[in-house]
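> I'll drop the sequence and a predicted model, then ask my questions.
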Amino acid sequence: MTRRFAFAATCITSLLLAEGPSAQRRSSTAAALAPTGTLRAVFLGLNPVQGRIDQAGKAIGPVPDLVQALARRIGVPFVITSAPNAAGIVSALNKGDADVGFLAYDDARAREVDFGAPFMVMFNSYLVRGDSPLQQTADVDRQGVTVAAVRGQTQELFVSSHLKNAKVRVFETMPAQGTVERLLLERDVDAFAINRQRAIEAEAASGRKLRALPDSFFVVDQSFVVRKGDREKLPAIASFVADAKASGLIRRSIDQAGLIGVDVAK
């Protein structure tokens, strides 16, 4: 983190604290959100929309920025860990290994955890060959088209339930860039359903051999989540997210991370 950004982050989090609850209310909120005395958060470290793990092993990006600001607001230290997928987030919360997590909203997931305030919206696009005849999302759902997606991810849940004519091929984990290129260029699949940020990054990494379709087939909220039945945490989270939006924290974090496929939630 540069000195300039560190100063900006400090100013932003100070503003959030100043506008936040009184000392007495912060103590009560801390007890609810961080009963161990440390705010324990879990996020999708392989999803650039939420954040990344840098070469030094540090979590960076919008979600880590939010966790840091929330911990400062309630006056406790924090730890943030990475889960490989949504199932890992759900497991960490429901086992009591984490106090808060972050997921894109889905009705099925809402039966396993309680969703709190949305802080970002995530756009999702199909990745195709550079010379593919598929030009828009509307072109994809047709006979003879095979769409790849990763099991349990937001995009797989959507395409598996909404595509009527195209065939869906489900992968257990997100393939490496080289494998994605091979699958598309050798026409094993015709499109890969991923979030727009990943699609744009994959297009650039391929040297434009791949192409992200320009529109989004699905827009979904990225939200705080808590253990099922732990709804007493949600009002404090909603208040924090409202202040984080109003202060510009989320917008600045998105811009600092260089993200394109997301926006601040309304």
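Ah, there it is. As the structure is a computational prediction, the values presented were derived from the model and not from experiment. Numbering: from 1, shown residues only.

> quick one: contacts for the nearest residue to Thr137 once chain neighbours are set aside?
Counting by CB to CB, 6 or more residues apart in numbering, Thr137 lies nearest to Phe217, which is 4.3 Å off, once chain neighbours are set aside. Every C-beta, even on glycine, is put in place using the N, C-alpha and C of the backbone. Residues near Phe217 by CB atoms under 8 Å, 6 or more residues apart in numbering: 124-126, 137, 140, 158-159, 193.

> Identify each buried residue in stretch 238-255, please.
Residues 239-241, 243-245, 247, 249-250, 252-254 are the ones in stretch 238-255 that count as buried (16 or more other CB atoms under 10 Å).

> what does stretch 213-222 give?
Of the residues in stretch 213-222, 213, 216-218, 220-222 count as buried by neighbour count, 16+ other CB under 10 Å.

> Generate a markdown table for those, with secondary structure, pLDDT and distance to Arg231 as supplementary columns.
As requested, these are exported to a markdown table (DSSP: H, G, I helix; E, B strand; the rest coil; pLDDT from 0 to 100; distance: CB to CB, whole Å):
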| residue | secondary structure | pLDDT | distance to Arg231 |
| --- | --- | --- | --- |
| Leu213 | coil | 98 | 38 |
| Ser216 | coil | 96 | 31 |
| Phe217 | coil | 97 | 31 |
| Phe218 | strand | 95 | 27 |
| Val220 | strand | 96 | 21 |
| Asp221 | strand | 97 | 17 |
| Gln222 | strand | 97 | 19 |
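
> which one among the residues you listed gets closest to Leu163?
Of all those, Phe217 has the smallest distance to Leu163: 9.4 Å, by CB to CB.

> Would you check how far apart that closest one and Ser125 are?
7 Å (CB to CB, to the nearest Å).

> Spell out which residues are contacts of both of those two.
Residues touching both Phe217 and Ser125 (CB under 8 Å, 6+ apart) are Thr137.

> For the stretch 151-266 of the chain, which segments are assigned as strands?
For the stretch 151-266 of the chain, the strands defined by DSSP state E, counting those that start in this stretch occupy 167-171, 191-195, 210-212, 218-227, 262-264.

> Pick the most buried one from those strands.
Mean neighbour count (mean count of other CB atoms under 10 Å) peaks for strand 191-195 among these, with a mean of 27.

> any idea how far that one is from the chain center?
Centroid separation between strand 191-195 and its chain, computed with CA atoms, centre = their mean, to the nearest Å, is 15 Å.

> And the buried residues of stretch 238-255, which is closest to Ala166?
Nearest to Ala166 among those is Ile254, at 31.4 Å by CB to CB.

> Please enumerate residues in contact with stretch 164-177?
Contacts for stretch 164-177 (CB under 8 Å, 6+ apart): 46, 84-85, 140-143, 145-151, 153, 156, 159-160, 183, 189-191, 194, 202, 205-206.

> Okay then, goodbye and thanks.
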